[in-house]
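K.L.:
Just a sequence and a predicted model for now, questions to come.
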Amino acid sequence: MEIKDLRFETRQIHAGLNKHEKTGSRGVAIYPTAAYRFSSCDQAARLFELTEPGNIYTRLQNPTTTSYEERITALYGATGALALSSGMSAILIAITALASQGENIVASPLLYGGTYNQFRHTLRRLGIEVRIAKGESPEDFAELVDSRTRAIFCESMGNPTCGVADIERIAQVSRQNEIPLIVDNTFGAGGYLCNPFDWGADIVIESATKWINGHGTAMGGIIVDGGNFNWGNGKFPGIDGPSEGYHGLNFHKAFGQGAFIVKCRVDGLRDLGSCPSAFDSYLMLLGLETLSLRVRHQVEATRTLAEHLRGHKAVKKVSYVGFADHPSYELAAKYFRHGASAVFNVELQGDIESTIRFVEALELAAHMTMIGDSVTVVTHPASTTHKQLSEADLKAAGVTPTLLRISMGLEDPRDIINDFEQAFAKAGITSPSRQ
Ligand SMILES: Cc1ncc(COP(=O)(O)O)c(C=O)c1O
């Protein structure tokens, strides 16, 4: 049976499973090694020239990580994937593989705070301009694209407001301009909730730290190539042109549709060095085995808590993309095929002080900057993830002083509701009777 013909639930277990294991072990082996012995000097030379595939050094590849990359590739129905040590590193390596000094990318205004910072500060210092669109409509992206634009970047669902990108229409803009569309699909949960390749995206990046790992036990990022972009259109000499680091090798000609991932690995990972450890790749593989089961529970539990809080006396506003009054309700219904989201936002009554009292009174829900964990997480973006942003940027990102982001875990949602009620009472925010 071919992996590509299996359903998502089966692929999340069987893809990449023990292909490299000779002992019969059911568990994928963890290879704690930095380097690999060469069988001869000739073989070593072929590995270094990229004319023979194989392991050289764990900064570039590791058998445990290869299994994990194969599973991700299979889940997305893609041509290849590269695992990195964090989501931020995935974004940096994907973008620097495409754009150089003097070039630009066009990005959505609805971005995770860390991504904003990378775009506004680090990429700018590297000479790559990031043009933030004034809105989320395809026209807002289109008006910023020029001959030096090398990619469009958006999040399938924006962190923290849960605004959904109109991927299909944004992909039309990128196609018209012959540049790839990169989608940060962290909220799409390994392709289970949303697969941007189904809608014309070219590259997916994801913070694997979140739903892919699913237990808050490891950091990771992935870059995935859908395999549909034409790298030979003249705009990407770093992919379709002589590579200085490899004696003039042309990645596009040598590796065809695999060229982008090869470029990210042998240039990006080689030079920036943010490889995952074999143990972390193992944790990702383990997490992936239950991805759909976890996410299904979390999506249902999210609705339960969001419905409880809607109209609650302690709550000013519930912003849940599964409710018809959320601006992205229809887009979420289109792009998120197994339910809205496992994250939603609540604006409490009161002020920043009572909000902080509430957060500190929670006993089960953890006060952390995290999403996609098996523990329910409550985050206060104004004092954490978005603290570095200017007032104007905070406003653009929809972050107010009493806004809380809630990421549902795997607990029974009735216990989380009771936890919220006791915390409302302790914080002095009106609380109706216990459940
Ligand atoms: C949407 C999104 N993209 C990227 C990142 C960065 O990922 P990491 O924390 O794994 O570096 C995050 C982190 O929260 C995120 O939410």
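P.N.:
Alright, I've got the coordinates.

K.L.:
interface residues of the stretch 1-150 of the chain facing the ligand?
P.N.:
Proximity of the stretch 1-150 of the chain to the ligand is confined to Ser86, Gly87, Met88, Tyr112, Gly114, Thr115 under the rule Cβ under 6 Å from any ligand atom. Yep, even glycine has a C-beta here, placed from its N, CA and C like the rest.

K.L.:
got a list of what the nearest residue to Gln257 once chain neighbours are set aside touches?
P.N.:
Leaving aside its chain neighbours, Gln257 sits nearest to Gly227 (4.2 Å; criterion: Cβ to Cβ, 6 or more residues apart in numbering). Taking Cβ atoms under 8 Å, 6 or more residues apart in numbering, we find Gly227 in contact with Ala78, Thr79, Gly80, Gln257, Gly258.

K.L.:
For the closest residue to the ligand within the stretch 101-250 of the chain, give the beta-bridge partners.
P.N.:
For the stretch 101-250 of the chain, the residue positioned closest to the ligand under Cβ to the nearest ligand atom is Ser207, at a distance of 3.1 Å. Assessed by DSSP bridges, Ser207 has beta-bridge partners Gly221.

K.L.:
you'd agree it is up against Gly221?
P.N.:
Yes - counting by Cβ atoms under 8 Å, Ser207 touches Gly221, with 5.8 Å between them.

K.L.:
Need the residues touching each of these two.
P.N.:
Going by Cβ under 8 Å, 6+ apart, residues that sit against Ser207 and also against Gly221 are Ser86, Gly87, Met88, Ala90.

K.L.:
that older thread, which ones among the residues of the stretch 1-150 of the chain next to the ligand lie within helices?
P.N.:
Taking DSSP state H, the ones among these that sit in helices are Gly87, Met88, Gly114, Thr115.

K.L.:
Tell me how many other residues surround the last one.
P.N.:
Neighbour count for Thr115, taken as other Cβ atoms under 10 Å: 24.

K.L.:
Thought Asp184 was touching it, still the case?
P.N.:
Yes - contact status for Thr115 versus Asp184: in contact at 6.9 Å, counting by Cβ under 8 Å.

K.L.:
Return every residue with contacts to both of the two.
P.N.:
The contact sets of Thr115 and Asp184 overlap at Ile91, Glu155 (Cβ under 8 Å, 6+ apart).

K.L.:
May I have the residues that are in contact with the residue of the stretch 101-250 of the chain closest to the ligand?
P.N.:
Applying Cβ under 8 Å, 6+ apart, the residues contacting Ser207 are Ser86, Gly87, Met88, Ala90, Asp184, Thr186, Gly220, Gly221.

K.L.:
any chance of the residues you listed in JSON lines, plus neighbour count and pLDDT?
P.N.:
What follows is the contacts of Ser207, written out as JSON lines (neighbours: other Cβ atoms under 10 Å; pLDDT from 0 to 100):
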{"residue": "Ser86", "neighbour count": "18", "pLDDT": "98"}
{"residue": "Gly87", "neighbour count": "24", "pLDDT": "98"}
{"residue": "Met88", "neighbour count": "21", "pLDDT": "98"}
{"residue": "Ala90", "neighbour count": "30", "pLDDT": "98"}
{"residue": "Asp184", "neighbour count": "30", "pLDDT": "98"}
{"residue": "Thr186", "neighbour count": "29", "pLDDT": "97"}
{"residue": "Gly220", "neighbour count": "27", "pLDDT": "98"}
{"residue": "Gly221", "neighbour count": "27", "pLDDT": "98"}
